[in-house]
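In: the following comprises the amino acid sequence and a computationally predicted model.
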Amino acid sequence: MLIGFAVGVSSFVVPVYIAEIAPKQIRGRFTSINLLMTNYGFAVAFFMGNIISWRTLSLIAVVPCVVQLVGLFFIPESPRWLAKVGREKEVQGALQRLRGKKDIADIFQEAEDIRGYVAAFGIGMGGIPWVLMSEILPIDVKASGGSIATLTNWSVSWLITYTFNFALEWNPASTFFFFAAMSLVAVFFTWKLVPETRGRTLEEIQQLCS
């Protein structure tokens, strides 16, 4: 059970972290190497299982886990995560650690690009759905409806984050055309079906949505 939980978490967290910290020129290779090394680890474990007992194998497997656990205290935070949670001053420092002795102008530009994206998302689609959800759901279904909406939101976010790098490796242009098409569908959906809530009381909104 513990192995299943750990593999489930790491198979999502690690590719996301790598994608967020790797330079764009080598991001695909880094994410591919992660998958390669994971499968290599499985192969080694199965091979050794034919030679030694499972108890001994489990004890040996603890060693890289401990090394990785200690290493977590030394790796820098993702610059994109820092920008997302508002720790703006730390973004450039994290990039400096990750990029090494690179031109400070390049690091500054990359930091500005990250901040710009996070700010644009925050004032655009980042917050609006949550505001709408809190306003248009009737009081008798607000708890259950909000839970379903939140679960759907983060599940789809997980799916997009997990598959994005694979899609980018397959065809960069098609990947962004797909997201552009989905954005167009969202605009049309909002225009036709989402009610305007500005200047209306919650009771008026409920009447409009019923």
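Out: Looks like it arrived, so ask away. Residues are numbered from 1 along each chain as shown.
In: please name the nearest non-neighbouring residue to G49.
Out: The spatially closest residue to G49, leaving aside those adjacent along the chain, is L57, at 5.7 Å (Cβ to Cβ, 6 or more residues apart in numbering). Yep, even glycine has a C-beta here, placed from its N, CA and C like the rest.
In: do F108 as well
Out: Nearest non-adjacent residue to F108 (Cβ to Cβ, 6+ apart): Q92, at 6.6 Å.
In: I'd guessed that neighbour sits against Q109; true?
Out: No - look at Q92 against Q109 with Cβ atoms under 8 Å: they stay out of range, at 10.4 Å.
In: for the helix or strand harbouring A180, buried residues please.
Out: Per DSSP states H and E, A180 falls inside helix 172-193. Judged by neighbour count (16 or more other Cβ atoms under 10 Å), helix 172-193 contains these buried residues: T175.
In: what of stretch 154-170?
Out: Using 16+ other Cβ under 10 Å as the test for burial, stretch 154-170 gives 164-165, 168.
In: contacts for it?
Out: 12, 15-16, 19, 27-28, 31-32, 174-175, 178 (Cβ atoms under 8 Å, 6 or more residues apart in numbering).
In: what pLDDT, on average, does it get?
Out: What stretch 154-170 shows for mean pLDDT is 81.
In: gap between it and the chain center?
Out: Computed by Cα atoms, centre = their mean, to the nearest Å, the chain-centroid distance of stretch 154-170 equals 8 Å.
In: just stretch 68-79 next, same as before
Out: With Cα atoms, centre = their mean as the basis, the mean position of stretch 68-79 lies at 17 Å from the chain mean.
In: hmm, back to that, among the contacts of stretch 154-170, which ones are in helices?
Out: Among the contacts of stretch 154-170, DSSP state H puts 12, 15-16, 19, 27-28, 31-32, 174-175, 178 in helices.
In: in the chain, which helix or strand is least confident?
Out: Here the helix or strand of the chain ranked lowest by mean pLDDT, DSSP states H and E is helix 202-209, holding a mean of 65.
In: and the contacts of stretch 154-170, which two are furthest apart?
Out: The most widely separated members of the contacts of stretch 154-170 are F12 and S174, with 23.5 Å between them, by Cβ to Cβ.
In: ok so, going back, out of the contacts of stretch 154-170, which is nearest to G4?
Out: F12 (13.2 Å).
In: any idea of the pLDDT on the closest one?
Out: Here the pLDDT value assigned to F12 is 69.
In: hmm, what's the outermost residue in this structure?
Out: Relative to the centre of the chain, the most outlying C-alpha is that of I51, 39.4 Å out, by Cα atoms, centre = their mean.
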